[in-house]
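J.: sharing a model that was predicted from the sequence below.
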Amino acid sequence: MKELLYLAAFLAVALGIAHSVLGERYILVRLFRRDNLPKLFGNTEFTTRTLRFAWHITTVAWFGFGALLLHAGRVDLTTSGTLRIIGVTFILSGLLPLFITRGKHLSWLVLFTIGGIALWGAA
């Protein structure tokens, strides 16, 4: 069973990488070339940045699931370990809107709060 969990962890990470790389190349870049994107805060920059972080946040989540699967396969997944993985995943997720939208999309506040609570619960 542990080999299958390792395979699932690998597939989750590989899927995340493929999702980000291929989505950026074949979907986002083509989408951003359109001239009819909504203009939020006066232009389309916020729109494109929000779409970009929302696309890539899925990859971060899949990496977090991959870490959970890896630890489940190692049979050392504890409540504390689970909370640490969840906390780090949410903190990393919060970095995307913080940096990509330059803090304008306020979801980073909620993501950091969730991550902090999970890490506090792991302690």
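T.: Looks like it arrived, so ask away. The shown structure was predicted, so the numbers you read here are calculated from the model rather than taken from an experiment.

J.: give me the neighbour count for the closest residue to residue 80 other than its chain neighbours.
T.: Once flanking residues are discounted, residue 80 sits nearest to residue 122: 4.7 Å by Cβ to Cβ, 6 or more residues apart in numbering. Every C-beta, even on glycine, is put in place using the N, C-alpha and C of the backbone. Close neighbours of residue 122, defined as other Cβ atoms under 10 Å, add up to 17.

J.: residues in contact with residue 122?
T.: The contact partners of residue 122, by Cβ atoms under 8 Å, 6 or more residues apart in numbering, come to 79, 80, 81, 83, 84, 87.

J.: so the fifth one sits right up against residue 121, yeah?
T.: Meaning residue 84. No: between residue 84 and residue 121 there is no contact under Cβ atoms under 8 Å: 9.3 Å.

J.: more neighbours: these two, which one.
T.: More crowded of residue 84 and residue 121, by other Cβ under 10 Å: residue 84, with 18 against 14.

J.: the more buried one: which element?
T.: Counting by DSSP states H and E, the element that carries residue 84 is helix 79-100.

J.: what angle separates the longest helix seen in the chain from helix 79-100?
T.: Identified as the longest helix of the chain according to DSSP state H is helix 45-73. Counting by axes from the mean of the first three to the mean of the last three Cα atoms, to 10 degrees, helix 45-73 points 160 degrees away from the direction of helix 79-100.

J.: now helix 45-73: buried residues?
T.: 46-53, 55-57, 59-73 (16 or more other Cβ atoms under 10 Å).
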